[in-house]
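**Student:** Show me the folded form of this:
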Amino acid sequence: MTGSIMTYVGIDWASKTHYAYALDAAGEKLGHRPFDHSGEGLTELVEWIRSVSGHMAENIAIGIEVPHGPVVEHLMDAGFAVHAINPKQLDRLRDRFTTAGAKDDRLDAFVLADSLRTDLRFYRFLEPMHPTIIELREWSRMVEDLSEERNRLANRFRHQLWRYFPQMIDLSENWAREWMLDLWELIPTPAKARSIRPATVARQLRQSRVRKWSAESLLAHLRTEPIVVAPGVTDACVAHCQVIVARLRLVTEQMKVGMKQLDQLTAAVAELRPTDASASTLHCDPEILRSMPGVGPIVLAALLTEGYDAIRRRDPGTLRALSGVAPVTRRSGKQTLVVMRYACPHRLRTAVYHWARVAVLHDLNCRNRYSALRKHGHSHARALRSVGSRLIGVACAMLQTGELFDRNRLPQREAA
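**Tutor:** I've put the predicted structure just below:
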């Protein structure tokens, strides 16, 4: 591809103004100028690149720091070969041209263009994602944000109950469950708990399908000695809880919609045909990943979207680095230090963490590996990262062969 590239363009993107710098194949300057972040500005950017280059779009390479976003999508739609580089790598490449720490938009755009011309191996060629993958990624992120919002609201609800009605807290460990909200609306205060009839509570528990508590035991618990609070505190806490409960119900309904969308979009991804002719057609990627222990709808959506490139290329090394389970080794002389990898996408790291955590609970091999690491003195998180690294290797091997996970398969050592 490098032999057909005649123009190299570096784009330093920003929220309001993007700066572009164009070089020819010999490194001679063709031009540079800023562009506004707008429909007209991006269209003008594309026309300017074509005019200063004088070549077809397939003969023009673009270098940029981000692998996604409106700028990248606009350039890919125009037919340019867009390449992305890590901002930390760009910072190191900038030291080639200045050691004084100088930094400006034009310099960064020039470094992007020149390093793309001389060190293309540092860049990652970007390919357009399927619209279904993009939609699945957005819904996956929305579900994660909604889950965090629900946890925050549940904790706030618990804090208000702790202020005036702590007996309600002991009824469940999940204060965002619908039956807890229904019960609080029925019995919002200790005074209401002393006056309500057991038959009313029993009817509410039957509607909510709660079997852990009977009406008599629940009322006996709620009617214990209440906390003495200042006048007005109970009314204030009840008003605050009413606002929180309304928001909790809304977030819960949105979570249900989000989970349905994840299932539908994952099924749609399973129907997409692989572009690689050598790819196995025995089973699709979602079906293979879903067969592994610890993979649920949320983890599956995160793997298919946040780790899209690595999953598509069946690259366990890249997927381990992106998920943060691959450690960073620092060697100097006789000293060797192995530390946790912090530079990785947070959503993919969280997904692999929960993948390994649930797999330890349900898979014997994962549980044995986790126990062995704990006996050697490793922490809980360190042991789960090792389990996650193994699961990623197994998943990529299964994706290459097109096989589903076999829970009854003996380990290779025992089989030998």
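
**Student:** Could you double-check that Asp315 lies in contact with Leu399?
**Tutor:** No. Under the criterion of CB atoms under 8 Å, Asp315 makes no contact with Leu399, lying 10.0 Å away. (Each C-beta comes from the backbone N, C-alpha and C, glycine too.)

**Student:** Who has more neighbours out of these two?
**Tutor:** Each of Asp315 and Leu399 has its neighbours counted (other CB atoms under 10 Å); Leu399 has more, 21 against 16.

**Student:** Quickly find the element holding that one.
**Tutor:** Leu399 belongs to helix 380-401 when elements are defined using DSSP states H and E.

**Student:** Report the rounded mean pLDDT for that helix.
**Tutor:** Average pLDDT, helix 380-401: 93.

**Student:** Show me what counts as buried in that helix.
**Tutor:** Residues of helix 380-401 classed as buried by neighbour count (16 or more other CB atoms under 10 Å): 383-392, 394-396, 398-399.

**Student:** Neighbours of Tyr8, how many?
**Tutor:** 26.

**Student:** helix/strand/coil for it?
**Tutor:** Classification of Tyr8 using DSSP: H, G, I helix; E, B strand; the rest coil returns strand.

**Student:** contacting residues around it?
**Tutor:** If you count contacts by CB atoms under 8 Å, 6 or more residues apart in numbering, Tyr8 has them with 22-25, 60-61, 63, 113-114, 116-117.

**Student:** quick one on the thing from earlier: and of the buried residues of helix 380-401, the nearest to Tyr342?
**Tutor:** Minimum distance to Tyr342 across the buried residues of helix 380-401 is 12.2 Å, recorded for Arg385 (CB to CB).

**Student:** Please report how far the closest residue to that closest one other than its chain neighbours lies from Phe405.
**Tutor:** Spatially, and ignoring its direct neighbours in sequence, Arg385 is nearest to Val325 (4.4 Å; CB to CB, 6 or more residues apart in numbering). For Val325, the distance to Phe405 equals 19 Å [CB to CB, to the nearest Å].

**Student:** the more surrounded of these two?
**Tutor:** Under the neighbour definition other CB under 10 Å, Val325 and Phe405 were set side by side, and Val325 has more, 26 against 17.

**Student:** from the contacts of Tyr8, which single one is nearest Met142?
**Tutor:** Gly63 (31.2 Å).

**Student:** low-confidence ranges in the chain?
**Tutor:** The model of the chain has pLDDT under 70 over residues 1-3, 273-282, 409-416.

**Student:** per the record, what domains does it have?
**Tutor:** For the chain, automatic domain parsing gives the domain ranges 2-125, 134-261, 275-415.

**Student:** Could you export the ones you listed as CSV, including distance to Ala268?
**Tutor:** Compiled in CSV, these are given as follows (distance: least, CB to CB, whole Å):
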stretch, distance to Ala268
domain 2-125, 20
domain 134-261, 8
domain 275-415, 10
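
**Student:** what angle do the particular helix or strand that has Arg357 in it and helix 380-401 make?
**Tutor:** Following DSSP H and E, one finds Arg357 within helix 346-362. For helix 346-362 against helix 380-401, the angle by axes from the mean of the first three to the mean of the last three CA atoms, to 10 degrees is 90 degrees.

**Student:** How about helix 346-362, which residues are buried there?
**Tutor:** So for helix 346-362, counting by 16+ other CB under 10 Å, buried means 347-360.

**Student:** And these, which is closest to Glu144?
**Tutor:** Closest approach to Glu144 among these (CB to CB): Arg347, at 6.4 Å.

**Student:** Identify the residue spatially nearest to the closest one, adjacent ones excluded.
**Tutor:** Counting by CB to CB, 6+ apart, the residue nearest Arg347 is Glu306, at 5.2 Å.

**Student:** Surely the one you found touches Thr350?
**Tutor:** No. Counting by CB under 8 Å, Glu306 does not reach Thr350; the two are 9.6 Å apart.

**Student:** This structure: strands as residue ranges?
**Tutor:** 7-12, 17-24, 29-36, 60-64, 81-84, 124-125, 328-332, 335-339 (DSSP state E).

**Student:** Save those as TSV, and put in distance to His240 too.
**Tutor:** Listed next are these as TSV, based on distance: least, CB to CB, whole Å:
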stretch	distance to His240
strand 7-12	47
strand 17-24	44
strand 29-36	45
strand 60-64	47
strand 81-84	46
strand 124-125	49
strand 328-332	45
strand 335-339	44
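
**Student:** Out of those strands, which is closest to Arg249?
**Tutor:** strand 81-84 (41.5 Å).
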